[in-house]
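Novice: Okay, structure incoming, though there's no sequence with it:
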């Protein structure tokens, strides 16, 4: 079964460092998303991406965050200067289309970011 | 604003039936979904209701009433492996069809 692949599974970084989280969405999917989940809390929307541009971003997704789709397969989330409160699990997700297919988010296994 | 309300925790015994309710208040609405998340895992899709009524998928059913902004997930013949968090989620058609999640209901299934 097709799956969303995320790397790394766990990253530990020092406050102020840049971090790049990588995702390979399902190949025929068109919409891509980043969500984050602080331990024990809800899944929070960060950003949606379609047709090589951001469709929508949340208030969490400030200037420290950026996303890219540098080639036909990878989808990356960059945090420029990490803060302690950025520690969370970051999930990449994708959906197959903007209509019925977008009812089903397929999530990757997540990248756990720990900022010290 | 956008909000989804669901109970924080539910406990039930193996073999029983449990219902997890969700009420929502969102700027746009394009359907109510349910996701399951085991500890340390990723959310996985369970069901979707775009129209009023009941959708059944094996032991799980989901219901939607758009006029009441209300839905529920019904889990029958509970098994220990059903112990997990369950999130209701609303798909918002405004800008990128983002999906907004509730805070989740932690289900404990006891023997």
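Specialist: Perfect, I can see it now. Keep in mind it's a predicted model, so treat the numbers as computed, not measured. Residues are numbered from 1 along each chain as shown, chains lettered A, B, ... in the order given.

Novice: Break down chain A into its strands, ranges please.
Specialist: With strands called from DSSP state E, chain A shows them at A:5-7, A:10-13, A:19-24, A:31-37, A:44-50, A:53-57, A:65-68, A:75-79, A:88-95, A:106-107, A:111-115.

Novice: in the helix or strand harbouring residue B:72, what's buried?
Specialist: Counting by DSSP states H and E, the element that carries residue B:72 is strand B:70-75. Buried residues in strand B:70-75, counting neighbours by 16 or more other Cβ atoms under 10 Å in any protein chain shown, are found at B:71-75. Where C-beta positions appear, they are placed from N, C-alpha and C, glycine not excepted.

Novice: Let me have those in TSV, extended by distance to residue B:36 and pLDDT.
Specialist: Compiled in TSV, the buried residues of strand B:70-75 are given as follows (distance: Cβ to Cβ, whole Å; pLDDT from 0 to 100):
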residue	distance to residue B:36	pLDDT
B:71	15	97
B:72	15	98
B:73	9	98
B:74	13	98
B:75	10	97
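
Novice: Kindly reformat the residues you listed as TSV and extend each row with distance to residue B:30.
Specialist: Conversion of the buried residues of strand B:70-75 to TSV gives the following (distance: Cβ to Cβ, whole Å):
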residue	distance to residue B:30
B:71	13
B:72	19
B:73	18
B:74	22
B:75	24
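
Novice: Nearest to residue A:52 among the residues you listed?
Specialist: residue B:71 (34.4 Å; Cβ to Cβ).

Novice: doesn't residue B:33 make contact with the closest one?
Specialist: No - Residue B:71 is beyond contact range of residue B:33, at 9.3 Å (criterion: Cβ atoms under 8 Å).

Novice: Name the residues of chain A found near chain B, please.
Specialist: A:31, A:33, A:35, A:41-45, A:48-50, A:54-56, A:91, A:95, A:98, A:102-110 (Cβ under 8 Å from any Cβ of the partner chain).
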